[in-house]
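**Q** attaching a predicted model along with its sequence, questions to come.
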Amino acid sequence: MTAAVETKASAQAKREAELVAAADKGPRAFYAAAGWSKLGAIVGGTETATEGILSAAEFIDQAANTLSAAVKSEHDKALAHDIQDHVVQIFEACNFQDLTGQRITKVVGTLKFIETHIVRMMEIWGGIESFKDIAPTEMAAREGDPRLVNGPRLDGDLGHASQDEIDALFN
């Protein structure tokens, strides 16, 4: 590789790394801006929702089992059995949460690996200070309602009404 090609490649790599650095905010700002941390919230949210679904399904299953033992007619027993069959389908359908969590965890791990290596490259090139004079490439504009483009609020986000505050409006 010639010195000119190497210099051009290095300059382009620095411009791309500037997106990560966000000049005055550092690489961790890119991590947050890219929404990687929100993936963890997705895993946690689906896990919490699935636990609620499974808990309710277990209650329904126990109630259907009790009902099946208490009723006399075959028709009523068959209905209780149908309920239990549908509960099993709920249990099976909830397996998505575990698989989703595993997949998202792998993606987050990969993104953290990439981030770590980008930060190392930036350090090789002189650290964050060496990127201050490089104008970052514009990121694509987001589409949709500007109030909604960041998705639901995460725990710890400021400037949002709590669920209790929203509920109080209706009481």
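**A** Structure's in. What do you need?
**Q** where in the protein is pLDDT low?
**A** For the chain, the stretches with pLDDT under 70 are 1-37, 136-137, 139, 142, 144-161.
**Q** hey, where'd the helices end up in it?
**A** Taking DSSP state H as the criterion, the chain contains helices spanning 3-21, 27-33, 36-70, 74-93, 95-124, 163-170.
**Q** can you check which of those gets nearest to Ala140?
**A** Proximity to Ala140, assessed across these by C-beta to C-beta, is greatest for helix 3-21 (11.6 Å). Glycine gets a C-beta too; all of them are placed from N, C-alpha and C.
**Q** list the buried residues in stretch 122-131.
**A** Neighbour counts over stretch 122-131 (16 or more other C-beta atoms under 10 Å) mark Met122, Ile128, Ser130, Phe131 as buried.
**Q** contacting residues for Gly40?
**A** Under the criterion of C-beta atoms under 8 Å, 6 or more residues apart in numbering, the contact partners of Gly40 comprise Ile104, Val108.
**Q** actually Gln89, not the one I wrote
**A** Applying C-beta under 8 Å, 6+ apart, no residues qualify as near Gln89.
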